[in-house]
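Can you look at this prediction? I've put the sequence above it.
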Amino acid sequence: MTLSYVLFLAGWQVASLGGLVPGPLTTLERVLSLKPGEVFSNLLRTLYNGVAGFSLSFLVSMTLSVLAQKNYVIRGVIRGLSEMFNSTSALVWSLVLVATLGVLNPLPPILVVSAVTAPHLLSAVTSAINSVDKGLVEAVRSLGASQFDEFMDVLLPSSVPILASASRVGIGTALRISVVAEAFGGGGGVGYMLMRSYNLADVEGVLAWSVILFLTVLAMDKLLAYLEGGARKWQS
Amino acid sequence: MAVLKVLNVHKSYKEKVLDGITLELRRGEALGIVGPNGCGKTTLLRIMAGLEVPDSGEVIREAERVGIVFQDNRLLPWKTLYQNIALGLKYMKLPASEIRERVMRYARELNLSEEELSLYPGKASGGMKKKAAIARSLALEPDVLLLDEPFTGLDVKTIDSLKGFLGEVVKEVSTVIVSHQLEDLLTLTERTYLLTHRPARVAYELNLSGKGLRERVNLVREALLHLIEEVDQDSNPQE
């Protein structure tokens, strides 16, 4: 993995020699020259949009999956909606929602993240529910478990590994999508700063904010991988 | 007095599994059910436990609490052996101190150490898992204990130690032990029903109550001869 980064940085450095793009060191200097308060507030906004959108998507997916188990008509409707959402690009959602709700409205990035991540999460939650070992459900029932006990002791823990993997991928995707939606709004965030730098033809600025976004997504992935490991500690 | 009665029970899935089974478990006795692999013993046990409903016939349970030990143990893999044993007690909403006392009591009786209790099932041996599954059911202090093939897949040493333990259990709890090997039950049960191949029906009722080991062996031999004759008659109905 370290070799990949070294090769990437070397390629970037070579490209900068011809004056195509500012080099890695110039970009790093630009990152360090940014006001910490500005970086922090925009990063926080992007994290908030990503996590809030993902959480909304998670809640909706859980609810829809449970409903889908109950009735085949609902299951068909949910599958159709999921296909529709899955076929719509993040750019289309961003433009439609920003145009509908207004440039200064803070909701579009959150809703775009939800709309794009929901089909993937829905599929993960459905497989998690379907993969529950019915024998274990029967075993806890034979011990006198209530429906709540069944959910807490069997359904939830047996879904955790699948949900943890899906969340790890989902939150990384959510952050990247949130940036697209922020680019079209006026509410701040890394995406907004990227677009502002682009409009000012500030290539160094575009690269600096891209590096910040890259490092943030990477850090989140490492953190979630650590939490995912904790959720699977019982597996031999 | 019967604590559990099965009356003319029939059950089919894609094919007929149980064909008019009638039997009873008397209070305080150890009852064996023996039959060939796949004959429907587990289905019968599940019906006795109330986990399945028969197509026809009746199951009368006088017992307040029925404990079942599944052949595959069915321990929750994300809980330690201790937490698995405590599960039913937690559902009974017993105080934490009583839960601990009961779990440790049965763990001690089954020779499960504190270190073993802290293992997840994925890291425990087959013997430890079986002992935990038995402890989990016994901790509920059931009136009737149903054991499905309790010795399958275990090594000889563990089987011997489990037989010793179950020999004490059956003195206190009305117990049904299902097995495909009659020898497993020779020293443990007082009566044993021998089932036929699928669809299962009762072929023979073996009464070993109050008999010494030598007498038990003779009675088992007699039962097996009876079964062989029956199989011969089934294969050659014209004779």
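Received it, and whenever you're ready, just let me know what you need.

anything in the helix or strand containing residue A:114 near chain B?
When elements are assigned from DSSP states H and E, residue A:114 belongs to helix A:107-130. No: residues of helix A:107-130 contacting chain B under CB under 8 Å from any CB of the partner chain: none, with a closest distance of 13.6 Å. (Each C-beta comes from the backbone N, C-alpha and C, glycine too.)

and stretch B:202-212, how far from the chain's centre?
Here stretch B:202-212 shows a centroid-to-chain-centroid distance of 17 Å under the convention CA atoms, centre = their mean, to the nearest Å.

so after the helix holding residue A:114, what's the next helix or strand?
Next along the chain after helix A:107-130, taking DSSP H and E as the criterion, comes helix A:134-142.

remind me, longest helix of chain A?
Longest helix in chain A by number of residues, with DSSP state H as the criterion: helix A:36-70.

what does chain A put close to chain B?
A:135-136, A:138-146, A:149, A:153-154, A:157-158, A:160, A:234-236.

buried set for the longest helix of chain A?
Buried residues in helix A:36-70, counted by 16 or more other CB atoms under 10 Å in any protein chain shown: A:39, A:42-43, A:45-47, A:49-58, A:60-62, A:64-65, A:68.

Give me the neighbour count for residue A:123.
16 (other CB atoms under 10 Å in any protein chain shown).

So, low pLDDT: which residues of the chain?
Picking chain A for this. For chain A, residues meeting the criterion pLDDT under 70 lie at A:1, A:236.

try again with chain B
Scanning chain B for pLDDT under 70 picks out B:231-239.

Give me the most central residue, chain B.
With distances taken as CA atoms, centre = their mean, residue B:147 lies nearest the centre of chain B, 2.1 Å away.

Distance check, that residue against chain A.
In this view, residue B:147 and chain A are 13 Å apart by CB to the nearest CB, to the nearest Å.

my read: that residue touches residue B:173, true?
No: in this structure, residue B:147 is not within contact of residue B:173 by CB atoms under 8 Å, at 10.5 Å.

gap between the closest residue to residue B:4 other than its chain neighbours and residue B:151?
Closest residue in space to residue B:4, ignoring its immediate chain neighbours: residue B:25 at 4.3 Å, by CB to CB, 6 or more residues apart in numbering or on different chains. Distance of residue B:25 to residue B:151, computed by CB to CB, to the nearest Å: 20 Å.

More neighbours: these two, which one.
Neighbours were counted for residue B:25 and for residue B:151 using other CB under 10 Å; residue B:25 has more, 24 against 20.

Can you check my assumption that that one lies in a strand?
Yes: counting by DSSP: H, G, I helix; E, B strand; the rest coil, residue B:25 falls inside a strand.

Now do the contacts for it.
B:2, B:3, B:4, B:5, B:31, B:48, B:144, B:174, B:176 (CB atoms under 8 Å, 6 or more residues apart in numbering or on different chains).

switch to 10 Å and redo it
When contacts are counted by CB atoms under 10 Å, 6 or more residues apart in numbering or on different chains, residue B:25 touches B:2-6, B:31, B:33, B:48, B:61-63, B:144, B:146, B:174-176, B:191.

Please indicate which of those residues are buried?
B:3-6, B:31, B:33, B:48, B:61, B:63, B:144, B:146, B:174-176, B:191.

ok, so of those, who is nearest residue B:123?
Distance to residue B:123 across these (CB to CB) is lowest for residue B:146, with 27.6 Å.

Please name the residues that touch residue 196.
Just so you know, I chose chain A. Counting by CB under 10 Å, 6+ apart, residue A:196 touches A:183, A:186, A:188, A:202, A:205, A:206, A:209.

that's the wrong chain, I wanted chain B
B:19, B:35, B:36, B:39, B:40, B:202, B:203, B:204, B:227, B:230, B:231, B:234.

redo that, cut-off 8 Å
Residue B:196 touches B:35, B:39, B:203, B:230, counting by CB under 8 Å, 6+ apart.

of all these, which two lie farthest apart?
Within these, B:39 and B:230 form the most distant pair, 13.9 Å apart (CB to CB).

Which one of the two is surrounded by more residues?
Ranked by neighbour count (other CB under 10 Å), residue B:39 and residue B:230 place residue B:39 first, with 21 against 14.

Who are the packing partners of the helix or strand that residue B:203 is a member of?
Assigned by DSSP H and E, residue B:203 belongs to strand B:202-207. Counting contacts by 3 or more CB pairs under 8 Å, 6 or more residues apart in numbering or on different chains; DSSP states H and E, strand B:202-207 is packed against strand B:16-26, strand B:191-195, helix B:213-235.

buried set for the longest one?
When you say that, I think you mean helix B:213-235. Under the neighbour-count criterion of 16+ other CB under 10 Å, helix B:213-235 has B:216, B:219, B:220, B:223, B:227 buried.

before we move on, back to that, narrow the residues of chain A next to chain B to those that are buried.
For those, a burial check counting by 16+ other CB under 10 Å picks out A:136, A:138-145, A:149, A:153-154, A:157-158, A:160, A:234.

ok, residue B:98 - contacts?
By CB under 8 Å, 6+ apart, the residues touching residue B:98 are residue B:89.

which phi and psi does it have?
Phi and psi for residue B:98, reported as degrees, to the nearest 10, are phi -70, psi -40.

again with residue B:58
With angles defined as degrees, to the nearest 10, residue B:58 sits at phi -140, psi 150.

I'd like the distance between it and chain A.
21 Å.

next one: residue B:226
For residue B:226, the distance to chain A equals 35 Å [CB to the nearest CB].

about what we covered before: from the contacts of residue B:25, which ones fall inside helices?
Per DSSP H, the subset of the contacts of residue B:25 in helices is residue B:48.

what's the angle from the strand or helix carrying residue A:191 to helix A:107-130?
Assigned by DSSP H and E, residue A:191 belongs to helix A:190-199. Counting by axes from the mean of the first three to the mean of the last three CA atoms, to 10 degrees, helix A:190-199 lies at 130 degrees to helix A:107-130.

what angle do helix A:190-199 and helix A:36-70 make?
130 degrees.

by contact count, what packs against the helix or strand hosting residue B:133?
Per DSSP H and E: residue B:133 is located in helix B:126-138. Secondary-structure packing of helix B:126-138 (3+ CB pairs under 8 Å, 6+ apart): strand B:66-69, helix B:81-91, helix B:96-109, strand B:144-148, helix B:156-172.

Single out the most deeply packed of those.
The highest average neighbour count among the helices and strands packed on helix B:126-138, using mean count of other CB atoms under 10 Å in any protein chain shown, belongs to strand B:144-148 at a mean of 25.

Please enumerate residues in contact with that one?
So strand B:144-148 is contacted by B:3-4, B:25, B:41-42, B:45, B:48-49, B:61, B:63, B:65-71, B:134, B:137-138, B:166, B:169, B:173-178 (CB under 8 Å, 6+ apart).

can you give me how far it is from the chain middle?
Between the centre of strand B:144-148 and the centre of its chain there are 4 Å (CA atoms, centre = their mean).

could you check the angle helix A:36-70 makes with the helix or strand hosting residue A:25?
Assigned by DSSP H and E, residue A:25 falls within helix A:24-33. On the basis of the same axes, to 10 degrees, helix A:24-33 is oriented at 90 degrees to helix A:36-70.

Sort out which residues of helix A:24-33 are buried, please.
Buried-residue list, helix A:24-33, by 16+ other CB under 10 Å: A:24, A:27, A:30, A:31.

For these, give me JSON lines that also has distance to residue A:167.
Formatted as JSON lines, the buried residues of helix A:24-33 follow (distance: CB to CB, whole Å):
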{"residue": "A:24", "distance to residue A:167": "32"}
{"residue": "A:27", "distance to residue A:167": "31"}
{"residue": "A:30", "distance to residue A:167": "33"}
{"residue": "A:31", "distance to residue A:167": "28"}
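
This completes my enquiry, with thanks.
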